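Asker: Sharing a sequence plus its predicted fold:
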Amino acid sequence: MTATEKTTLHVGQELEVDTEDIAYEGQAVARANGEVVLVEQAIPGERLSVRVESRRRGLWRARPLAVIEASANRVEPPCPYFGACGGCQWQHIAYDEQLRLKTAIVRDQLRRVGRFAEPPVLDTIPSPQQWAYRNQVRMSTDEKGRLGFARQLSHEQVPIDECIVSDPGINRRLAKLQGQGPAGGLAIRASARTGETLVDIPGQEEQVFHEEVAGRRFRISASSFFQVNTYTAEIVVEETRSRLDLRPSDRLLDAYAGVGLFAATLGSAVSEVVAVEESKSAVADGMFNTMHLENVRYYQGRAEEVLPRLRKRFDAAVVDPPRAGLKPGVIGYLNAKPISRLAYISCDPSTLARDLRPLTEGSYELVGVQPVDQFPQTHHVEMVAGLRAR
């Protein structure tokens with residue numbers, strides 16, 4: 001806060017607030033003395049006693065001291081670490097309400113950021129598994145070798161003995177490793193489908209494990225990205241398939257292809273797949289995972305650098321960028337060489353909304369956005385946006 005800013009609130013202040021809405025990062029929105037206050041672990045429609053904790057980007061952040069009038073959607077969080085651990089934000093919200101709020105967040109971001117007056121957002125598809133779904137975690141180590149996650153709104157660590165949103169295989173490995181964590185932390189992966197687990201410690205030799213999605217078996221190196229919820233990854237594949245309406249003669253572009261989730265599951269429906277991926281390990285995995293398909297070709301490099309060099313034209317495309325979204329060069333390529341059917345996979349409503357605006361002002365029409373609850377008990381949401389060339 002600068003010296004010229006005037007405010008009637010201050011850090012450490014305690015007050016009563018009524019929550020009205022949900023914010024993009026999952027907090028409930030309240031107003032106090034004419035200013036916006038974002039309240040952690042709250043739900044719209046509640047009255048709470050809160051303590052002001054900080055001010056960031058012009059907004060006050062607060063934590064609840066007591067719930068005076070609770071929402072009918074408030075439930076008792078089953079995890080003993082909830083409220084301290086920053087991994088889950090919404091264990092206190094009934095699952096149906098979590099889905100409704102995620103739909104509202106996506107729709108709100110498309111209105112505010114994307115400037116779509118009536119965004120075509122569908123109801124969020126639930127995860128088939130609301131607990132024990134997470135197939136990978138990254139944990140830090142404290143000075144005593146204890147493994148844990150970051151505390152909410154802090155870089156401090158909360159030691160964790162069990163994570164109830166993670167696969168049981170992860171918790172079994174955690175139990176054996178607790179108190180012996182390496183200085184740089186570690187990552188644990190587990191597959192409910194194959195029963196395999198992997199512990200990745202920085203500096204050790206690259207390892208691989210295997211996962212099964214949509215009837216396909218995938219090799220995944222420790223350094224390669226893969227969706228954290230295998231159950232909803234299958235839903236995302238099917239939603240993408242339906243939006244692309246693939247035909248045997250189609251040439252498919254798979255940008256940010258990773259280990260080949262879409263190339264491997266959609267490749268048999270088209271004549272050719274061109275997969276573009278920056279990560280060397282993911283390209284190696286992807287080539288291995290698509291060996292059964294002679295029509296898949298991988299290109300290693302950044303999408304914004306590789307795509308302009310491709311001379312082929314495509315009938316359909318899927319883009320699945322990291323949370324930061326599409327680079328301007330990729331948006332420029334897609335607009336300059338319109339592709340009949342485009343599926344944009346995103347895990348960030350704000351960057352999706354940002355990128356959809358220049359695409360729809362360019363060569364595309366937004367047909368619909370399907371949220372999928374890939375991250376139950378958190379405010380995060382996966383989305384499949386369908387676009388068609390004009």
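Answerer: Perfect, thanks for sending it.
Asker: next one: phi and psi at the closest residue to residue 126 other than its chain neighbours?
Answerer: Leaving aside its sequence neighbours, residue 126 sits nearest to residue 373 (Cβ to Cβ, 6 or more residues apart in numbering; 5.4 Å). Quick note: C-beta positions are derived from backbone N, CA and C, even for glycine. Here is the backbone geometry of residue 373 (degrees, to the nearest 10): phi -80, psi 80.
Asker: Need the pLDDT of residue 373.
Answerer: In this prediction, residue 373 carries a pLDDT score of 98.
Asker: isn't it right up against residue 231?
Answerer: No - in terms of Cβ atoms under 8 Å, residue 373 does not count as a neighbour of residue 231; the distance is 10.0 Å.
Asker: In contact with the closest residue to residue 349 other than its chain neighbours: list those residues for me.
Answerer: Distance criterion Cβ to Cβ, 6+ apart; nearest residue to residue 349, sequence neighbours excluded, is residue 109 at 3.8 Å. Contact analysis of residue 109 by Cβ atoms under 8 Å, 6 or more residues apart in numbering lists 24, 349, 350, 352, 353.
Asker: In helices only, show me the residues you listed.
Answerer: 349, 350, 352, 353 (DSSP state H).
Asker: What sits closest to residue 66 if chain neighbours are left out?
Answerer: In space, residue 66 is closest to residue 49, 4.5 Å off (Cβ to Cβ, 6+ apart).
Asker: Tell me the helices and strands packed up against the helix or strand where that neighbour lies.
Answerer: Taking DSSP states H and E as the criterion, residue 49 maps to strand 47-56. Other elements packing on strand 47-56 under the criterion 3 or more Cβ pairs under 8 Å, 6 or more residues apart in numbering; DSSP states H and E are strand 14-22, strand 35-39, strand 59-69.
Asker: looking at those, which is buried most?
Answerer: Mean neighbours per residue, mean count of other Cβ atoms under 10 Å, is largest over these for strand 35-39, with a mean of 19.
Asker: can you pull out the helices in the stretch 201-350 of the chain?
Answerer: 230-244, 261-266, 280-289, 303-306, 328-336, 349-361 (DSSP state H, counting those that start in this stretch).
Asker: in whichever helix or strand comes after the last one, what's buried?
Answerer: So that's helix 349-361. Downstream of helix 349-361, the first helix or strand assigned by DSSP H and E is strand 364-372. Residues of strand 364-372 classed as buried by neighbour count (16 or more other Cβ atoms under 10 Å): 364, 366, 369, 370, 371, 372.
Asker: thinking again about what came up before, between the helices of the stretch 201-350 of the chain, which gets nearest to residue 388?
Answerer: helix 230-244 (9.2 Å; Cβ to Cβ).
Asker: what does the closest one rub up against?
Answerer: 125, 127-129, 133, 135, 191-193, 211-214, 227, 252, 261-262, 265-266, 269, 316, 318, 341, 343, 345, 367-368, 370, 372-374, 382, 384, 386.
Asker: Buried by neighbour count, from those residues: which ones?
Answerer: Here, 16+ other Cβ under 10 Å leaves 125, 127, 129, 133, 135, 191-192, 211, 213-214, 227, 252, 261-262, 265-266, 269, 316, 318, 341, 343, 345, 370, 372-374, 382, 384, 386 buried among these.
Asker: quick one: which of those residues sit in strands?
Answerer: 211, 213, 252, 316, 318, 341, 343, 345, 370, 372, 382, 384, 386 (DSSP state E).
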